[in-house]
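> Here is a sequence with its predicted model. Questions after.
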Amino acid sequence: QVQLVESGGGSVQAGGSLRLSCAASGRSISISGMGWFRQAPGKEREFVAAVSWNENTYYTDSVKGRFTISRDNSQNTVYLQMNSLKPEDTAVYYCAVARSSGAVAGSNEYDYWGQGTQVTVPS
């Protein structure tokens, strides 16, 4: 079992930045792929970014060049640095542990999920 706790969400003006953290406990995530997803009100959960065990990364097109996913295995933590935030980035952000070690985008490829952290970018 893995427990995930996200933090770092909040409200920020358009163009601003936030850094989300996802702290894992229960077992090491060092050989697991990790991902960030988000869900806006009235919409389905969507993939945002993923990082493989060896730090290959994969992003959805809408966040490329603005968001950066990274991991610190010594802290059992994954991060999502979000810059140039837009109102359409408003959502609850979730981190998840993949069944594989790769950077994967399908939500059905993830076994464990955090409770989410709210990010709001007012228009």
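That came in fine, so what should we check first? Numbers count the residues shown, from 1 in each chain.
> center of this structure, which residue is that?
Centroid-nearest residue in the chain: residue 36, 2.4 Å away (criterion: CA atoms, centre = their mean).
> Verify the contact between it and residue 93 for me.
Yes - at 6.1 Å, residue 36 counts as touching residue 93 under the criterion of CB atoms under 8 Å. Backbone N, C-alpha and C define where each C-beta goes, glycine included.
> Output the contacting helices and strands for whichever strand or helix holds residue 94.
Here residue 94, judged by DSSP states H and E, is contained in strand 91-98. The elements that strand 91-98 packs onto, with contact taken as 3 or more CB pairs under 8 Å, 6 or more residues apart in numbering; DSSP states H and E, are strand 3-7, strand 18-25, strand 34-39, strand 77-82, strand 110-113, strand 117-120.
> please redo it, this time with the cut-off set to 10 Å
The contact analysis (3 or more CB pairs under 10 Å, 6 or more residues apart in numbering; DSSP states H and E) places strand 91-98 against strand 3-7, strand 18-25, strand 34-39, strand 46-51, strand 77-82, strand 110-113, strand 117-120.
> If we ignore the residues flanking it in sequence, what's nearest residue 7?
residue 21 (5.1 Å; CB to CB, 6 or more residues apart in numbering).
> same check, this time on residue 48
Using CB to CB, 6+ apart, the nearest residue to residue 48 is residue 36, at 4.4 Å.
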